[in-house]
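Engineer: what shape does this take:
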Amino acid sequence: MKNIPGLILLLVFSLSTQAQRKAHTKVLLLMGSRFEVTAVSESDTLAWRGINASIDETRRIERLISEWDSTSQTTAINRNAGIKPVKVDKELFDLIGRSIKVSKLTDGAFDISFAPLMKIWKLDGSMKELPSPEKIEEARTKVGYDKIVLDPANQTVFLKEKGMKLGFGGIGQGYVGNRCKQRMREMGIDAGLINVSGDIVTWGQQPDGSNWRIGIADPKKKDEVISWLSVSNISVVTSGGYEKFAMINGRKYGHILDPRTGYPSQGVGSVTIVSPDIELSDALATGVFVLGVEKGLNLINQLRGVECLIVDDENKLHNSKNMKLNFEENKN
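Structural biologist: As a prediction, this is how the structure comes out:
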């Protein structure tokens with residue numbers, strides 16, 4: 001019985017320490033989008049160090065993968081398309097390699113070489129008529145992950161066709177989320193949330209011990225939540241055609257293009273992928289959106305640890321068979 005007071009003291013100290021944990025959040029514009037980082041810690045100093053480290057890491061990665069930065073290695077690859085291979089950092093080389101693996105997994109529905117199509121599809125509301133079939137076909141011939149040549153021995157990347165262009169819009173934000181989470185955990189921050197323009201990765205719990213609650217937007221009313229997920233130590237990424245689109249002849253054309261056809265994907269309003277790896281979730285969200293409900297669910301149902309919620313263009317919900325998280329449909 002002599003040890004009981006000590007045990008009680010230890011318990012009280014533990015509860016007191018837990019009560020001091022606080023969530024520190026910063027929101028800013030990075031990579032041209034809303035960037036939100038939250039660190040949960042007992043130490044204000046450590047939390048803000050982690051947040052600032054995440055911001056620095058994001059800016060570093062942006063300089064590496066941006067096709068708009070004239071000095072980036074990605075721009076060098078694109079500039080030398082059809083001309084010569086370009087030696088790149090192992091980090092970028094490996095990211096391209098992983099992107100190609102997802103392209104193969106999705107039968108080309110996800111493809112980082114889709115960028116030439118974006119030149120002819122101005123899906124920001126400004127386009128008033130469809131591109132001609134000839135222009136679409138011309139752009140499509142410059143798209144194809146099988147035309148990306150990786151040389152591991154020399155660590156070079158070569159695009160076979162002139163006019164080819166890589167763009168990391170479908171995987172870059174996920175990669176940033178992974179790297180920021182890794183940096184913060186290495187610094188001793190055992191709970192947090194990174195939100196890169198809707199690509200979210202979480203670890204640990206909130207200060208009160210509860211999971212993180214993430215809302216999935218209604219594709220037809222983007223300011224409303226169609227459903228909620230309660231998560232921890234996992235990523236949630238949603239791709240939807242409701243952010244950028246064009247209305248032409250009474251028909252809506254979303255910004256997510258099918259690299260295989262050259263046309264905007266149809267039939268799906270949004271896709272939410274849940275997995276431990278935000279980079280994979282990011283890429284699969286785009287790939288499944290393009291594949292559609294039936295093929296998309298068939299793919300996800302074959303992947304261990306990956307879950308999926310698809311909202312079709314009629315706002316009907318379809319979830320993968322292994323959706324085991326606490327999923328509650330919004331009744332409001």
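Engineer: looks like Gln205 contacts Asn211 (just checking).
Structural biologist: Yes. Taking C-beta atoms under 8 Å as the definition, Gln205 is a contact partner of Asn211 at 6.2 Å. In this view, the C-beta of every residue, glycine as well, is placed from N, C-alpha and C.
Engineer: overlap in contacts of these two?
Structural biologist: The contact sets of Gln205 and Asn211 overlap at Ser232 (C-beta atoms under 8 Å, 6 or more residues apart in numbering).
Engineer: pLDDT score assigned to the spatially most central residue of the chain?
Structural biologist: Geometric centre of the chain, nearest residue: Asp282, 3.0 Å, by C-alpha atoms, centre = their mean. At Asp282, the pLDDT value in this model is 97.
Engineer: can you tell me the closest non-neighbouring residue to it?
Structural biologist: Nearest non-adjacent residue to Asp282, counting by C-beta to C-beta, 6 or more residues apart in numbering: Gly174, 2.8 Å away.
Engineer: now the helix or strand hosting the one you found - C-alpha only, CSV.
Structural biologist: Here Gly174 sits within helix 172-186, counting by DSSP states H and E. Taking Å, rounded to 0.1, in the frame of the first residue of the first chain, the C-alpha atoms of helix 172-186 are listed here in CSV:
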residue,chain,number,x,y,z
GLY,A,172,2.5,17.3,-55.5
GLN,A,173,0.3,18.5,-52.6
GLY,A,174,0.2,15.0,-51.2
TYR,A,175,3.9,14.7,-51.3
VAL,A,176,4.1,18.1,-49.5
GLY,A,177,1.8,16.7,-46.8
ASN,A,178,3.9,13.6,-46.3
ARG,A,179,7.1,15.6,-46.0
CYS,A,180,5.6,18.2,-43.6
LYS,A,181,4.2,15.5,-41.3
GLN,A,182,7.5,13.6,-41.4
ARG,A,183,9.5,16.8,-40.4
MET,A,184,7.1,17.6,-37.5
ARG,A,185,7.2,14.1,-36.1
GLU,A,186,11.0,14.0,-36.3
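Engineer: list the contacts of that helix.
Structural biologist: 31, 33, 37, 39, 50, 53-54, 57-58, 61-62, 65, 95, 168, 192, 194, 196-197, 199-201, 203, 235, 237, 277-283.
Engineer: who's in contact with Gln205?
Structural biologist: With C-beta under 8 Å, 6+ apart, Gln205 has these contacts: Val40, Ala191, Asn211, Trp212, Ser232.
Engineer: got it, and Val271?
Structural biologist: Contacts for Val271 were tallied using C-beta under 8 Å, 6+ apart; they are Thr238, Ser239, Gly240, Ala285, Thr286, Val288, Phe289, Gly296, Cys308, Leu309, Ile310, Val311.
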